[in-house]
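**Student:** take this sequence and fold it.
(one chain, ligands or ions: 1)
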Amino acid sequence: MRMYLCSLRRRKAAPVLFSSIALAAVLAFAGAVGCKSQTSGGESSAGAASTVAAAPAASADSLPADDAPPASATGGFDGHRALQQVIKQVSFGPRPPSSPAIQQLQAYLKSELTSYGCKFDVDDFQVDTPVGHKTMENILVKIPGDKPGIILLGTHYDTKILPDFVGADDAGSSTGVMLELARNLCSQHGRYNVWIAFFDGEEATRVQWSDDDSVYGSREMAARLANSGDLPKIKAFLLADLVGGKKAHFKRDEESTKALVDLMWGIAAKLGYGNIFVQETTSIGGDDYTPFLKRKVPSVDVIDLDIVNDVPYWHNQNGTDTLDKISAKSLAITGHVFLETIKEMQSK
Ligand SMILES: [Zn+2]
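**Tutor:** Numbers count the residues shown, from 1 in each chain. Alright, predicted model coming up:
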């Protein structure tokens, strides 16, 4: 995903993201996880899916925190349900593109969305990656509105090719949030269309992130929406990624569209989440919003990529992005802020 540890030194993002001490810590960590080129890795482990969700040891630290406020306090967004969606995804095991596990997840996503009454388009597409030819699938929920404008939400649902990497936070958390948002929103009818994108192939297939080897799904969708003429109708693209950590904090991403950051972070502050949607800035350097930003679509990324303090398990080669890192409260707060942002946009 996006910011690659070994490339920190050449990214303009680094001085903004980290103090020099913290940067040194990250670079040390980067060394620890190994910044050598790696041709592939964990895809063969996808078949080991069912072993991953084996019962954890019964200590509180080894379990996700089901600490969500009630749905009545978060605009109808049910953090407990979002957590269950994360647990379900992890139960499939590592979910890299084209793997049997991601095919199981695709079937599950479509079945869930259908059960909520959502209408959606499915785009199966083929790509050549550095690790071979892959079939990928984007799923795009379309909730109609009265006017042509579109509020686009998005997450990726593939996981990074790393041994035993089950991606509870990356990207189980944001996918769980988007499923719960779909459950809330598919029965509603607003002024504008609300579309919810589930992207395949966000992660680079190699260890190192590059423009050519990343965001396959969102590149495909942005190109398709440009061809169909829908792209200019998108008023805002609200992206979530790594939103479920027990220590979640979301900094203001400087590559995101400032007006959207102001809107979301302002809403979060009004809801009492100023300690989660914090005022510090960061620079993510690449995510599923990149193909949309390149095409001038106003976009914002809600993401916790503070590897030093919050998400040391991010792309960790020992497969530590596991359920014990997840908090239903973080999922609920994220979902609440998304719902209120959509409500605000629908009123204008
Ligand atoms: Zn990632």
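
**Student:** local confidence estimate at Ala58?
**Tutor:** We have a pLDDT of 52 for Ala58.

**Student:** before we move on, what about Tyr4?
**Tutor:** Model confidence at Tyr4 (pLDDT) stands at 41.

**Student:** what of the one 4 residues further on?
**Tutor:** Residue-level confidence at Leu8 comes out at 33, pLDDT.

**Student:** just Ser62 next, same as before
**Tutor:** Predicted confidence (pLDDT) for Ser62: 84.

**Student:** same check on Arg252?
**Tutor:** The model's pLDDT for Arg252 equals 98.

**Student:** regarding it, what is its secondary structure?
**Tutor:** Following DSSP: H, G, I helix; E, B strand; the rest coil, Arg252 is assigned to strand.

**Student:** quick one, strands of the stretch 151-300 of the chain?
**Tutor:** 190-199, 234-241, 250-253, 277-282, 299-303 (DSSP state E, counting those that start in this stretch).

**Student:** how about TSV for those, with distance to Pro69 added?
**Tutor:** For glycine as for every other residue, the C-beta is placed from the backbone atoms N, C-alpha and C. Shown next, in TSV, are the strands of the stretch 151-300 of the chain (distance: least, Cβ to Cβ, whole Å):
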stretch	distance to Pro69
strand 190-199	23
strand 234-241	18
strand 250-253	18
strand 277-282	16
strand 299-303	18
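
**Student:** in TSV: these, plus distance to Met178 and mean neighbour count.
**Tutor:** Shown next, in TSV, are these (distance: least, Cβ to Cβ, whole Å; neighbours: other Cβ atoms under 10 Å):
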stretch	distance to Met178	mean neighbour count
strand 190-199	6	23
strand 234-241	7	25
strand 250-253	16	24
strand 277-282	18	16
strand 299-303	12	26
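
**Student:** distance check, the nearest residue to Ser330 once chain neighbours are set aside against Ala73.
**Tutor:** The shortest distance from Ser330 to any non-neighbouring residue, by Cβ to Cβ, 6 or more residues apart in numbering, is to Ala248 (4.0 Å). The gap separating Ala248 from Ala73 is 18 Å, by Cβ to Cβ, to the nearest Å.

**Student:** ok, now His336?
**Tutor:** His336 is 8 Å from Ala73, by Cβ to Cβ.

**Student:** just give the nearest non-adjacent residue to whichever residue of the stretch 201-348 of the chain sits closest to the ion, would you?
**Tutor:** Nearest residue of the stretch 201-348 of the chain to the ion, counting by Cβ to the ion: Glu203, 5.1 Å away. Excluding the flanking residues, the one nearest Glu203 by Cβ to Cβ, 6+ apart is Lys160, at 4.4 Å.

**Student:** pretty sure the one you found contacts Asp170?
**Tutor:** Yes - between Lys160 and Asp170 there is a contact under Cβ atoms under 8 Å: 6.9 Å.

**Student:** more neighbours: the two, which one.
**Tutor:** Using other Cβ atoms under 10 Å as the criterion, Lys160 and Asp170 rank with Asp170 on top: 32 against 24.

**Student:** who touches that one in this structure?
**Tutor:** Applying Cβ atoms under 8 Å, 6 or more residues apart in numbering, we find Asp170 in contact with 1, 159-160, 241-242, 311, 314-315, 321.

**Student:** got it, and Met178?
**Tutor:** 153-155, 196, 198, 240.

**Student:** switch the cut-off to 6 Å
**Tutor:** 155, 196 (Cβ atoms under 6 Å, 6 or more residues apart in numbering).

**Student:** verify the contact between Arg95 and Gln104 for me.
**Tutor:** No - taking Cβ atoms under 6 Å as the definition, Arg95 is not a contact partner of Gln104, at 8.3 Å.

**Student:** ok, those two, which is more surrounded?
**Tutor:** Applying other Cβ under 10 Å to Arg95 and Gln104 shows that Arg95 carries more neighbours, namely 30 against 17.

**Student:** and the pLDDT for that one?
**Tutor:** pLDDT at Arg95 comes out at 98.

**Student:** next one: Pro312
**Tutor:** So, for Pro312, pLDDT stands at 97.

**Student:** same check, this time on Ala101
**Tutor:** The predicted local confidence for Ala101 is 98.

**Student:** lowest-pLDDT helix or strand in this protein?
**Tutor:** helix 13-17 (a mean of 31; mean pLDDT, DSSP states H and E).
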